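Colleague: heads up, no residue letters with this:
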């Protein structure tokens, strides 16, 4: 029975993606407090701060913010990157 449930969970595509969470609310608030103390910049932790699981995810989020459909972005290795929509409505980079 346990093996069947494990196989069922493994077959569910919802279990194969990153969380849609913006991060732990207290951590986002602490980051905003740090920016206020160090740089004098007031940020709203609910609208202007997210935490990521690593630099790669953070840079991806930054690109989603900055690059619009039809724009081109250049990486350090000078590979062409473009943003496109997938059939599920999410964004993919290539």
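Modeller: Received the coordinates, thanks. The shown structure was predicted, so the numbers you read here are calculated from the model rather than taken from an experiment.

Colleague: Quick one, grab the pLDDT at the most centrally placed residue in the chain.
Modeller: Nearest to the mean C-alpha position of the chain, by C-alpha atoms, centre = their mean, lies residue 61 at 4.5 Å. pLDDT, residue 61: 81.

Colleague: Please apply the same query to residue 68.
Modeller: For residue 68, pLDDT reads 88.

Colleague: and it, that one's in a strand?
Modeller: No - using DSSP: H, G, I helix; E, B strand; the rest coil, the assignment for residue 68 is coil, not a strand.

Colleague: what number of residues lie near residue 34?
Modeller: Look at residue 34: counted by other C-beta atoms under 10 Å, it has 12 neighbours. Glycine gets a C-beta too; all of them are placed from N, C-alpha and C.

Colleague: where's it relative to residue 54, distance?
Modeller: 19 Å (C-beta to C-beta, to the nearest Å).

Colleague: next one: phi and psi at the residue nearest to the centre of the chain?
Modeller: phi -60, psi -40 (degrees, to the nearest 10).

Colleague: residue contacts, it?
Modeller: Contacts for residue 61 were tallied using C-beta atoms under 8 Å, 6 or more residues apart in numbering; they are 50, 52.

Colleague: Mean pLDDT per helix and strand in the chain: which one sits at the bottom?
Modeller: None of the helices or strands of the chain scores lower by mean pLDDT, DSSP states H and E than strand 91-93, at a mean of 54.

Colleague: where exactly do the helices run in this protein?
Modeller: For the chain, helices defined by DSSP state H occupy the ranges 2-11, 25-39, 55-66.

Colleague: Residues in contact with the longest one: which ones?
Modeller: By that I understand helix 25-39. For helix 25-39, with C-beta under 8 Å, 6+ apart as the criterion, the contacting residues are 22, 41-46, 48-51.

Colleague: cool, and the first one?
Modeller: By C-beta under 8 Å, 6+ apart, the list of residues contacting helix 2-11 from outside reads residue 15.

Colleague: Thank you kindly, that will do.
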